[in-house]
Every structure is written in structure tokens, then in C-alpha cells.
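K.L.:
Task: produce atomic coordinates for the following.
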Amino acid sequence: MNKTLLTILFFSILPLINYAQPFIDVANVQLSRFPQTNTQKLPGTNNESWEANANLFVPIQLKNNKVLLGGISYDQVSMKASSEKGYHANLISASLQLGMITKLSNRWNMMLMAFPKANSDFRNFNSKHLQMGGAAVFTYKVRNSLKYKVGLYYNREFFGNYFMPLAGIEWKATDRIYVYGLLPGSINLEYRICPKLYTGLAYRDITASFRISDNNEKYYVREGEKFWGDLRIMNFYNYYLTKNLVLCGDIGYSGFRYFEQYNNSDNVEHTHPAFYRLQDNFFFDLGIAFRVRLDKEYND
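P.N.:
This is a model prediction of the structure:
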């Protein structure tokens with residue numbers, strides 16, 4: 001890939017929480033398995049689920065050190081409650097990512113992003129299932145091996161306006177160790193075992209809401225505990241089948257992974273056994289990505 005494309009890819013990260021990292025996933029798909037776990041406050045009912053997601057983006061180089069960003073993403077949570085009727089539920093998020101990177105000076109650049117999306121069970125989709133969000137992130141380069149990031153994320157969730165201040169880092173600590181992330185959404189510690197194999201630890205924090213197509217859109221489902229969100233800690237492994245094709249695997253532990261149902265007055269109101277608080281549990285991820293690494297060691 002030529003230097004122009006690598007420059008574009010360096011500044012183009014989707015989703016937003018992966019803005020600070022030493023590689024770019026141009027396209028990826030991932031499947032996550034959450035084994036059966038007990039449902040809180042609903043004796044005799046367990047819940048098991050799968051998550052699937054896919055991402056793709058197209059960057060366009062403009063004049064004056066600007067890069068136009070465009071992408072799409074699809075995420076689906078499929079849940080099954082082990083009740084007598086075997087209740088199933090699907091929650092889907094389909095979104096666009098539209099934005100621009102502008103170089104402000106030799107040390108500063110700015111990224112502005114908009115995130116129009118539909119979060120719904122898609123059983124009776126209408127305009128009440130739409131959300132709008134955006135973010136601004138500023139990057140300060142101390143040196144090539146150390147960059148700091150600050151910003152603000154906003155999304156119009158079904159429970160109200162959601163603002164999240166952002167603080168991030170991209171730090172090449174040694175030839176083998178890289179620390180990168182944008183808190184409170186994510187932070188990663190990556191260790192290069194060899195050019196084809198990487199491992200490390202990762203932290204994720206997810207907050208989301210989905211409209212339910214019942215009773216004139218009276219209900220929504222919120223993912224994550226109100227204060228903490230959906231917390232996940234993972235041990236990841238990335239194996240490069242080729243220079244750009246990478247197989248990704250994680251084993252992790254989820255805390256506060258709730259999909260709890262609320263009415264439009266923001267009060268808990270259960271009508272579906274799949275939408276209850278769950279006990280914490282382990283999970284497993286497997287995926288594949290078309291990836292461009294930007295750190296020098298991989299390309300040597």
C-alpha cells in the first residue's frame with residue numbers, strides 16, 4: 001500500500017473507541033459467545049447470547065491536509081431465555097460513520113465524527129428507533145512514539161442525552177509493547193511475541209439503548225449498568241495469516257452486562273424474560289480482519 005493510503009488509514013478509525021492504535025482494520029467481522037448464565041431476580045431462568053458485528057470504511061484524501069471519513073457498522077445481539085416458551089430476542093444497531101480529519105499544526109490534529117444510527121429490534125421499525133450522535137477528538141503529538149488525545153462524545157440515547165468526556169493515549173513503550181486507547185471506552189496493552197503473533201490485555205466499556213416495537217414504542221432496553229456501563233476485560237491473541245489478514249481471538253470476563261427493559265418514564269418494567277439483569281460471566285470472541293499495521297517493527 002502506498003504512503004498516501006497509509007496516511008489516510010492512520011487517521012481513519014471506526015468505531016471511535018479505536019481511534020488510538022498502531023493498526024487499522026479496514027474491514028472486520030467478529031462473533032462473540034456468552035455462555036448460559038443465571039438471570040437476576042427471575043428464579044429458574046437462564047440466559048445465553050451471541051453477538052455479531054461487522055465494520056467497513058472508505059477514507060478519501062482531500063486537499064489541505066484533510067481526510068474525509070465514511071463507514072458503516074452492524075452489530076447484533078441474539079438472546080435466548082430458558083423459560084417454558086423459550087423466549088428469543090434480537091437487538092440490532094446499524095450505523096453510519098461520517099467525519100473528517102484536519103491537521104491543525106505540526107503537533108495537533110482534530111477529528112470530527114457524526115454517528116447516525118438505528119438501534120432497534122427491527123420488528124416494526126420507524127423513526128422512533130433512530131439515534132444521532134457525534135464526537136470531537138484532538139490529538140497532540142509529543143513525539144512519534146507518544147501521542148495524547150482529548151475529546152467529547154455525545155449520543156441521543158433513548159434514556160436521554162449521553163455525554164462522555166474522552167482522554168486517550170498512543171504510546172510505543174518499547175519495540176514490543178504498545179499502549180493505546182480512548183478512555184472510558186477502551187484501553188489496550190499489546191505485546192508483540194513475533195511478527196505474526198500478538199497478545200495483550202484489553203478493557204472495554206459499552207453503553208447503549210435499543211427501542212422495542214411493542215405498545216407504541218413504550219419500551220426500550222438499556223445495555224450496561226447505569227453508572228458503570230457494560231464492562232469487559234479480555235486477553236486477546238492476534239495471528240497474522242498474511243501481512244494484512246489477521247485471525248483474532250479473545251477470552252474475557254463481563255461485568256454489569258445488563259440488557260434491562262425500561263418504559264419511557266425511565267422506570268424498570270419487565271415484559272420479556274430475556275431483558276433482565278444477568279450475573280457476570282466469561283465470554284469468547286473469534287473474528288477475522290483486513291488490517292494494516294503502522295508500527296515499523298511489523299514491516300521490517
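
K.L.:
Could you use CA atoms for every contact and neighbour count after this?
P.N.:
Noted.

K.L.:
The closest residue in space to residue 79 that isn't next to it in sequence - how many residues pack around it?
P.N.:
Nearest residue to residue 79, sequence neighbours excluded (CA to CA, 6 or more residues apart in numbering): residue 49, at 4.3 Å. Residue 49 is flanked by 20 other residues according to other CA atoms under 10 Å.

K.L.:
Am I right that residue 49 is in contact with residue 82?
P.N.:
No - using CA atoms under 8 Å, residue 49 is not in contact with residue 82; the gap is 11.2 Å.

K.L.:
Residue ranges in the stretch 201-300 of the chain under the pLDDT threshold?
P.N.:
Within the stretch 201-300 of the chain, the ranges that satisfy pLDDT under 70 run 296-300.

K.L.:
can you give me the strands in it?
P.N.:
208-211, 219-223, 230-240, 245-255, 259-263, 281-293 (DSSP state E, counting those that start in this stretch).

K.L.:
Distance to residue 36 and mean neighbour count for those - can I get that in CSV?
P.N.:
As requested, the strands of the stretch 201-300 of the chain are exported to CSV (distance: least, CA to CA, whole Å; neighbours: other CA atoms under 10 Å):
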stretch, distance to residue 36, mean neighbour count
strand 208-211, 22, 24
strand 219-223, 18, 25
strand 230-240, 17, 20
strand 245-255, 13, 19
strand 259-263, 15, 22
strand 281-293, 9, 19
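
K.L.:
Format these as a markdown table; extra columns: distance to residue 108.
P.N.:
Formatted as a markdown table, these follow (distance: least, CA to CA, whole Å):
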| stretch | distance to residue 108 |
| --- | --- |
| strand 208-211 | 31 |
| strand 219-223 | 35 |
| strand 230-240 | 31 |
| strand 245-255 | 31 |
| strand 259-263 | 39 |
| strand 281-293 | 22 |
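
K.L.:
Please name whichever of these is nearest to residue 184.
P.N.:
Of all the strands of the stretch 201-300 of the chain, strand 230-240 sits nearest to residue 184, with 10.2 Å by CA to CA.

K.L.:
name the element the closest residue to residue 189 other than its chain neighbours belongs to?
P.N.:
Sequence neighbours aside, residue 179 is the residue nearest to residue 189 in space, at 4.7 Å (criterion: CA to CA, 6+ apart). Assigned by DSSP states H and E, residue 179 falls within strand 177-183.

K.L.:
What residues sit buried inside the helix or strand following that strand?
P.N.:
With elements assigned by DSSP H and E, the helix or strand that comes after strand 177-183 is strand 186-194. By 16 or more other CA atoms under 10 Å, the buried positions in strand 186-194 come out as 186, 187, 188, 189, 190, 191, 192.

K.L.:
Now for those residues: which two are most distant?
P.N.:
Farthest apart among the buried residues of strand 186-194 - using CA to CA - are 186 and 192, which lie 19.3 Å from each other.
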